[in-house]
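Colleague: Build me a model:
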Amino acid sequence: MFAAFADVNDLMIAGDWPDVAALDQRLSIPGRQLVEQDDALLADGLHYEQRIAQGRIATRAENWHDLFNALVWARYPAVKQALNARQCRDLDREGSGGRTRAQAALTQFDETGVIVRVWDAAMLRAWDRHAWGELFLQGAEHWRSGAIAVAAVFGHALMEQALLPSRLLVGKCLVVRGDDDAQAVEQVARAIALGAMLNDPLELRPLPLMGIPGWHSDQDEAFYRNAGYFRPVRDGRAYPASHVIPTG
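Modeller: Okay, here's the model as predicted:
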């Protein structure tokens, strides 16, 4: 879950919370500043996303959710910027009174998103059928070899949920065909910015993360029979092929 944040691991395990100003200086997010969320900041009347577009990320002190959000901004700024730009475009068009399907999709990915890259199309077909045994058990070697892999854990709420050791986590995924993590992240950022992804929450593929070989300590066959976690596909559910973006 946290492998991509090894260089800032001290911020997550320190005995004391990092000060928001010190966190901003440490992370140096391109074009953005972490500012402590207080009454004075909120008095500007701006929507959270509109404030970010002006360069300020409202951050609550001593808060895991906002700490993880800051870490994701620093690690994947292009994806975060694309999400913010799309949210602001919808806010400008629709106002803040309601939420469009696109805004719901953008928010779900921001909170619980995972980017997965796939080389073997058979693994994608198994995933789309929710054939979990085929994807995780029979397909274990594909995960170990990198033929299918998590390129990025993006959702900061998902990271917060991972603090509870018994929580069985489900990521909401965007999929890229390819074999390079950085390129997959770049492709997703570009596609979001262009409006080619995240126009509806139904575009997101659910992935029970604890099913990935090595992500849980008890991955016997009985574990994979837990239908409350490894859920069958709903009748009529289909995942659009447009989410599979060729790299390069």
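
Colleague: can you list contacts of the lengthiest strand in the chain?
Modeller: With secondary structure taken from DSSP state E, the chain has its longest strand at strand 170-177. Contacts to strand 170-177, defined as C-beta atoms under 8 Å, 6 or more residues apart in numbering, come from residues 108-109, 112-119, 121, 124, 150-151, 153, 155, 158, 183-184, 187-188, 191, 197-198, 201, 203-209, 229, 243-247. C-beta: built from backbone N, CA, C; applies to glycine.

Colleague: After it, which helix or strand is next? Please name it.
Modeller: helix 181-194 (DSSP states H and E).

Colleague: send the alpha carbons of the helix or strand just after that next one over as PDB?
Modeller: Using DSSP H and E, the helix or strand that follows helix 181-194 in sequence is strand 205-208. Listed next in PDB are the C-alpha coordinates belonging to strand 205-208 (Å, rounded to 0.1, in the frame of the first residue of the first chain):
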ATOM      1  CA  ARG A 205     -13.400  -1.500 -11.800                       C
ATOM      2  CA  PRO A 206     -13.500  -2.800  -8.100                       C
ATOM      3  CA  LEU A 207     -10.500  -4.700  -7.000                       C
ATOM      4  CA  PRO A 208     -10.300  -6.600  -3.700                       C
END
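
Colleague: Which elements pack onto strand 205-208?
Modeller: Other helices and strands packing on strand 205-208, by 3 or more C-beta pairs under 8 Å, 6 or more residues apart in numbering; DSSP states H and E, are strand 113-118, helix 121-128, strand 170-177.

Colleague: can you give me how far the first one is from the chain middle?
Modeller: With C-alpha atoms, centre = their mean, to the nearest Å as the basis, the distance from the averaged C-alpha position of strand 113-118 to the chain average is 8 Å.

Colleague: How about residues contacting that strand?
Modeller: Outside strand 113-118, the residues that touch it by C-beta under 8 Å, 6+ apart are 124, 147-155, 158, 171-181, 184-185, 188, 204-205, 207, 209, 244, 247.

Colleague: Narrow these to those that are buried.
Modeller: Neighbour-count burial within those applies to 124, 147-155, 158, 171-179, 181, 184-185, 188, 204-205, 207, 209; the criterion is 16 or more other C-beta atoms under 10 Å.

Colleague: ok so, going back, looking at the helices and strands packed on strand 205-208, which is nearest to Leu137?
Modeller: Each of those has some distance to Leu137 by C-beta to C-beta; the shortest is helix 121-128, at 10.5 Å.

Colleague: Buried residues in that closest one, which are they?
Modeller: Buried positions in helix 121-128, judged by neighbour count with 16+ other C-beta under 10 Å: 123-124, 126-128.

Colleague: so which of those would you say is closest to Ala238?
Modeller: For those, the nearest to Ala238 is Asp128 (7.6 Å; C-beta to C-beta).

Colleague: about what we covered before: format the helices and strands packed on strand 205-208 as TSV; extra columns: distance to Trp215 and mean pLDDT.
Modeller: Listed next are the helices and strands packed on strand 205-208 as TSV, based on distance: least, C-beta to C-beta, whole Å; pLDDT from 0 to 100:
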stretch	distance to Trp215	mean pLDDT
strand 113-118	12	96
helix 121-128	15	91
strand 170-177	11	95
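
Colleague: How far does stretch 111-127 stretch from one end to the other?
Modeller: Taking C-alpha to C-alpha, to the nearest Å, the first and last residues of stretch 111-127 lie 22 Å apart.

Colleague: Just the pLDDT for Val244.
Modeller: If you check Val244, the pLDDT there is 55.

Colleague: before we move on, what about Met197?
Modeller: pLDDT, read off for Met197, is 94.

Colleague: Phi first, then psi, for it.
Modeller: The phi and psi values for Met197, taken as degrees, to the nearest 10, are phi -130, psi 160.

Colleague: Right, I'll leave it there.
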